[in-house]
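Engineer: Prediction below, plus the sequence it came from.
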Amino acid sequence: MMQPSHTILIGSQTGRINLLLAKRTLKWCFILLLFTVGVAIFALATGQLKTTFSELSQVLFGEGERFLTTVVLEWRLPRLTSALVFGAALGVSGALFQSLIRNPLGSPDVIGFNTGAYTGALVVIILFGGGSLQIACGAIVGGIVCAGLVYGLAFKQGIQGFRLIIIGIGVSAMLSALNTWMMISSNLETAMAAALWGAGSLNGVSWHQVVPSLSFISAALLAAAMLARKLNLLEMGDDSANMLGINSERTRQLAMLCGVILTAAVTATAGPIAFIALVAPQLAKKLTREGGLALIPAAFMGAMLLTLADFIAANLFTPNQLPVGIVTVSIGGFYLIYLLIQQSGK
């Protein structure tokens with residue numbers, strides 16, 4: 001079957017990976033990439049130790065002064081890499097949930113799945129004193145358990161988007177109370193560290209902390225790409241998808257699992273970073289005017305938004321650094337209010 005001339009196929013029509021992108025979408029992805037690269041270069045060059053672009057290029061090519069190399073490659077680069085990868089993961093996670101629920105409010109931070117991941121990570125930190133890998137596993141288990149609970153409570157002859165959102169908000173509120181109780185019941189030092197981490201922060205992120213989350217994110221992104229064709233068919237409705245040989249409920253469960261793992265892996269390292277998953281897919285769709293599931297534009301938009309937000313958090317009040325979650329909440333809160341007003345009008 002011939003594909004339209006204004007589109008480009010990534011993968012193959014009969015393969016496991018099957019992504020059809022409009023040329024307008026690729027243009028905007030390229031623009032987002034250029035802007036993100038520009039922000040990334042400034043992020044590597046700025047900070048308490050100022051770095052010229054000439055010095056930065058020497059460091060990146062292995063010819064820089066030793067202390068400056070340590071600052072750029074061991075301190076700033078892990079943080080930048082985290083912002084790029086975590087932003088892309090949150091963007092894809094939000095796109096998956098909004099496609100499944102068919103509601104712009106369908107985001108893991110609104111539904112509360114990142115709160116469940118936060119609960120799992122807190123259990124490992126406070127009760128077991130686990131390291132980076134244990135915290136990552138705890139966050140993913142917590143996110144999956146929370147998703148299973150919300151899914152089970154919301155299931156009634158299938159899943160209805162608004163019902164899932166309301167139940168998710170209720171479960172999130174109860175888990176938030178549990179998280180607060182765990183923090184005030186722990187010793188002061190652990191509680192302060194958990195509270196700072198709970199604001200969503202990339203401050204001081206190291207390669208040792210990032211690698212476990214990157215492993216989970218890479219696997220979940222690959223799985224999401226393999227599910228993209230089925231999810232696009234699922235957007236036509238369960239009956240149509242079933243007629244085309246798609247097991248709608250199983251596909252929905254696998255996609256939800258991918259979204260939960262993406263959110264939980266980010267939460268494991270950086271804490272719950274709100275609103276990127278909510279905003280990125282919708283802004284990407286507004287720019288590209290692409291219908292259906294838009295994973296790649298959502299990933300580019302999420303990476304750009306989190307990189308920009310972290311750059312603002314790191315440099316707005318120097319020498320003090322804000323948790324990036326404060327910046328995303330400040331921006332995303334206004335967008336959430338706009339969405340709520342728009343949805344109430346409907």
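Structural biologist: Yep, that arrived.

Engineer: Every contact and neighbour count from this point should use C-alpha atoms.
Structural biologist: Fine.

Engineer: in terms of contact count, name the helices or strands touching whichever strand or helix holds Cys137.
Structural biologist: If you go by DSSP states H and E, Cys137 is part of helix 132-154. Judged by 3 or more Cα pairs under 8 Å, 6 or more residues apart in numbering; DSSP states H and E, helix 132-154 is in contact with helix 113-122, helix 161-185, helix 207-234, helix 248-270.

Engineer: Glu290 is nearest to which of those?
Structural biologist: Glu290 lies closest, by Cα to Cα, to one member of the helices and strands packed on helix 132-154: helix 207-234, at 11.8 Å.

Engineer: Packing partners of the next helix or strand after that closest one?
Structural biologist: Proceeding N to C from helix 207-234, the next assigned helix or strand is helix 238-243, under DSSP H and E. Under the contact definition 3+ Cα pairs under 8 Å, 6+ apart, helix 238-243 sits against helix 207-234, helix 248-270.

Engineer: relative orientation of the last one and helix 113-122 in degrees?
Structural biologist: Using axes from the mean of the first three to the mean of the last three Cα atoms, to 10 degrees, the direction of helix 248-270 lies 50 degrees away from that of helix 113-122.

Engineer: Pull out the buried positions in helix 248-270.
Structural biologist: Of all the residues in helix 248-270, those buried under the rule 16 or more other Cα atoms under 10 Å are 248, 251-252, 255-270.

Engineer: Then stretch 323-333?
Structural biologist: Applying a neighbour-count criterion of 16+ other Cα under 10 Å, one finds Pro323, Val324, Gly325, Ile326, Val327, Thr328, Val329, Ile331, Gly332 buried in stretch 323-333.

Engineer: Other residues contacting that stretch?
Structural biologist: Outside of stretch 323-333, the residues within contact range by Cα atoms under 8 Å, 6 or more residues apart in numbering are 196, 199-203, 272-276, 278-279, 306, 309-310, 312-314.

Engineer: For that stretch, C-alpha coordinates in CSV please.
Structural biologist: What follows is stretch 323-333 as a C-alpha-only set of coordinates in CSV (Å, rounded to 0.1, in the frame of the first residue of the first chain):
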residue,chain,number,x,y,z
PRO,A,323,14.2,22.1,42.3
VAL,A,324,13.0,21.8,38.7
GLY,A,325,9.6,20.6,39.9
ILE,A,326,8.9,24.1,41.3
VAL,A,327,9.4,25.6,37.8
THR,A,328,7.2,22.9,36.1
VAL,A,329,4.5,23.3,38.6
SER,A,330,4.5,27.1,38.3
ILE,A,331,4.1,26.8,34.5
GLY,A,332,2.0,23.7,34.3
GLY,A,333,-0.5,24.9,37.0
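
Engineer: what about that stretch, average pLDDT?
Structural biologist: The average pLDDT within stretch 323-333 is 85.
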